[in-house]
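In: Predicted model and sequence below, questions to follow.
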Amino acid sequence: MTNEPGEVVDAELVDDDRLPAAVEPEPTARPLVDRHTILRPNAPVPTTADQPTYSEADFRISQETAELLDQSPPENTSRTYNSARSQFKTWCERNGRVHLPCTTATFVEYVGHLIRQDKSPSTIQVAMSAIRSWHQDGQQPGTKEASEAVRKHARGWAQRRTPKKAPAIRTDMLAAMVATCTSDTDADYPKATRDAALLTLGWGMLSRRSELAHLLIQQLTIGPTGIHAIVAFSKTDQAAKGATTFVPANPDDPATCPVIRIRAWLEELRRQDITDGPLFRHINRGGKIRHRPGGPKKNFLTPDAIGAIVKARAKLADLPDPSKITAHGLRRGPAQEIAEAGEDPTGQGRWKPGSLTVQKHYVEPARSEADNTITAMRRKKAAREAAAVEDQGDS
């Protein structure tokens with residue numbers, strides 16, 4: 001409807017929420033600098049305007065990636081971390097503290113609590129790592145004070161403690177343990193065959209128990225001179241680059257020859273229709289290999305089961321102090337013998353090149369015995385005395 005010129009129209013303003021909203025001024029870009037910022041000459045000061053604008057897509061991950069993140073860590077690590085976190089949570093509840101996310105003061109006080117209990121430095125460091133990794137990024141407590149307290153504790157703790165080392169399983173001990181792997185019945189044969197293969201291969205590989213536990217049948221290549229074993233990952237290879245170890249045959253002693261023992265075990269696996277997957281498996285009392293529910297991973301022997309087998313065979317062999325013998329002895333024994341022969345066990349045992357552990361515990365002790373000056377002096381003295389006696393006899 002068109003109004004005539006000069007016509008006055010009455011109007012009333014009504015607040016009905018449909019009027020244009022007031023335009024707010026754009027926020028001023030703030031500088032993004034702190035005491036660590038370094039600006040080159042003529043470089044502009046960074047501001048909030050330089051920050052990207054994120055959308056929901058920048059924060060989403062796929063279902064496949066989520067499943068990768070949800071995969072369980074190694075069994076031993078998971079059990080150790082869960083135990084450490086549970087103990088920390090209980091301590092916090094008893095002391096009226098928040099455990100997650102905790103304050104740095106709570107973290108330091110808990111470390112002090114562990115020190116006052118005289119826990120080993122390594123145990124405390126594992127607890128610290130378990131607690132910090134339990135927190136979301138950016139919420140972890142500080143470590144400076146706690147780490148310094150642990151360093152001071154370590155010095156005194158080392159003076160008060162003698163390191164406990166697993167007895168080395170030497171060649172004669174290995175032979176005695178393998179000798180117990182006999183079978184009086186068909187039901188005993190699979191377990192005896194498995195244990196003999198486990199002992200001889202583990203000794204020849206200088207294997208950690210976790211490495212033995214995770215070996216696959218298809219990771220072994222057997223030839224007349226020995227076995228090539230692929231270790232897909234290990235304690236010093238968390239990135240799973242993999243390493244191949246050659247385990248030589250032992251024709252001088254067929255009883256402890258890893259080639260003979262592994263071939264016998266693989267034949268037993270084939271007899272039970274198993275040609276791939278875990279190399280070492282659970283066996284029931286009837287001699288049948290047990291298939292556990294829960295997928296292929298459940299069919300592996302656990303590292304703890306490997307340790308139990310080694311301890312049981314040591315007891316059957318009537319070795320001295322069998323309760324102190326562990327699966328680590330399969331690694332320590334051959335490492336000592338290699339070092340005593342003047343060789344370096346680093347490669348065979350898959351230690352990192354230049355490993356201080358190898359130098360400290362194997363190479364240097366062997367060298368100190370072989371090159372000991374007092375021993376050399378006594379040998380020379382005995383040689384002189386023997387020569388003098390021989391000269392008197394000639395005269």
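Out: Everything's here; your move. Residues are numbered from 1 along each chain as shown.
In: where in the stretch 251-395 of the chain is pLDDT low?
Out: The stretch 251-395 of the chain contains residues with pLDDT under 70 at 293-297, 370-371, 393-395.
In: And the helices in it, which stretches?
Out: 258-271, 303-316, 329-340, 346-349, 356-358, 364-370, 373-394 (DSSP state H, counting those that start in this stretch).
In: Would you tell me which one of those helices is buried the most?
Out: Ranked by mean neighbour count, these are led by helix 329-340 with a mean of 22 (mean count of other CB atoms under 10 Å). Using the backbone N, CA and C atoms, a C-beta is placed for each residue, glycine as well.
In: tell me which strands and helices it is in contact with?
Out: On a contact count with 3 or more CB pairs under 8 Å, 6 or more residues apart in numbering; DSSP states H and E, helix 329-340 meets helix 171-179, helix 189-205, helix 346-349, helix 364-370.
In: go again using 6 Å as the cut-off
Out: If contacts are counted by 3 or more CB pairs under 6 Å, 6 or more residues apart in numbering; DSSP states H and E, helix 329-340 sits against helix 189-205.
In: ok, residues contacting the helix or strand just after the helix it packs on?
Out: Per DSSP states H and E, the first helix or strand lying C-terminal to helix 189-205 is helix 209-213. With contacts defined as CB atoms under 6 Å, 6 or more residues apart in numbering, helix 209-213 is touched by 202, 231, 234, 300-301, 303, 306-307, 327.
In: what's the closest of these to residue 102?
Out: Nearest to residue 102 among these: residue 303, at 31.0 Å, using CB to CB.
In: tell me which of the contacts of helix 209-213 is nearest to residue 105?
Out: residue 303 (37.1 Å).
In: Who are the contact partners of that closest one?
Out: By CB under 6 Å, 6+ apart, the residues touching residue 303 are 209-210, 213.
In: mind giving me a markdown table with these and columns for neighbour count, distance to residue 180 and pLDDT?
Out: Formatted as a markdown table, the contacts of residue 303 follow (neighbours: other CB atoms under 10 Å; distance: CB to CB, whole Å; pLDDT from 0 to 100):
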| residue | neighbour count | distance to residue 180 | pLDDT |
| --- | --- | --- | --- |
| 209 | 24 | 19 | 92 |
| 210 | 18 | 24 | 90 |
| 213 | 23 | 21 | 92 |
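In: Pick the one among the residues you listed closest to residue 129.
Out: The closest of the contacts of residue 303 to residue 129 turns out to be residue 210 (CB to CB; 18.4 Å).
In: just to revisit the earlier point, now the helices of the stretch 251-395 of the chain in a markdown table, with distance to residue 198?
Out: Below are the helices of the stretch 251-395 of the chain laid out as a markdown table (distance: least, CB to CB, whole Å):
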| stretch | distance to residue 198 |
| --- | --- |
| helix 258-271 | 8 |
| helix 303-316 | 6 |
| helix 329-340 | 9 |
| helix 346-349 | 17 |
| helix 356-358 | 24 |
| helix 364-370 | 27 |
| helix 373-394 | 38 |
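In: does the residue nearest to residue 33 when sequence neighbours are not counted count as helix, strand or coil?
Out: In space, and not counting its chain neighbours, residue 33 is closest to residue 45: 6.4 Å by CB to CB, 6 or more residues apart in numbering. Here residue 45 is coil, with the state taken from DSSP: H, G, I helix; E, B strand; the rest coil.
In: Neighbours of residue 45, how many?
Out: Residue 45 has 11 neighbouring residues, counting by other CB atoms under 10 Å.
In: do you know how far it is from residue 203?
Out: Distance from residue 45 to residue 203, counting by CB to CB, to the nearest Å: 66 Å.
In: picking up where we left off before, now for the contacts of helix 209-213, which pair is the farthest apart?
Out: Spatially, the most separated pair among these is 231 and 307, at 18.1 Å (CB to CB).
In: coming back round to it: so which of the contacts of residue 303 is the closest to residue 272?
Out: Ranked by distance to residue 272 (CB to CB), these are led by residue 213 at 19.5 Å.
In: what's the closest non-adjacent residue to that closest one?
Out: residue 303 (4.8 Å).
In: With residue 97 instead?
Out: What sits nearest to residue 97 in space, not counting adjacent residues and going by CB to CB, 6+ apart, is residue 106, at 4.8 Å.
In: Likewise for residue 190?
Out: Closest residue to residue 190 apart from its sequence neighbours, by CB to CB, 6+ apart: residue 287 at 4.6 Å.
In: Count the neighbours of that neighbour for me.
Out: The number of residues packed near residue 287 is 18, by other CB under 10 Å.
In: Tell me the spacing between it and residue 298.
Out: 20 Å.
In: next one: residue 201
Out: Using CB to CB, residue 201 is found at 22 Å from residue 298.
In: OK, contacts around the residue nearest to residue 174 when sequence neighbours are not counted?
Out: In space, and not counting its chain neighbours, residue 174 is closest to residue 203: 5.3 Å by CB to CB, 6+ apart. Residue 203 makes contacts with 174, 330, 334, as judged by CB under 6 Å, 6+ apart.
In: Done for today, thanks.
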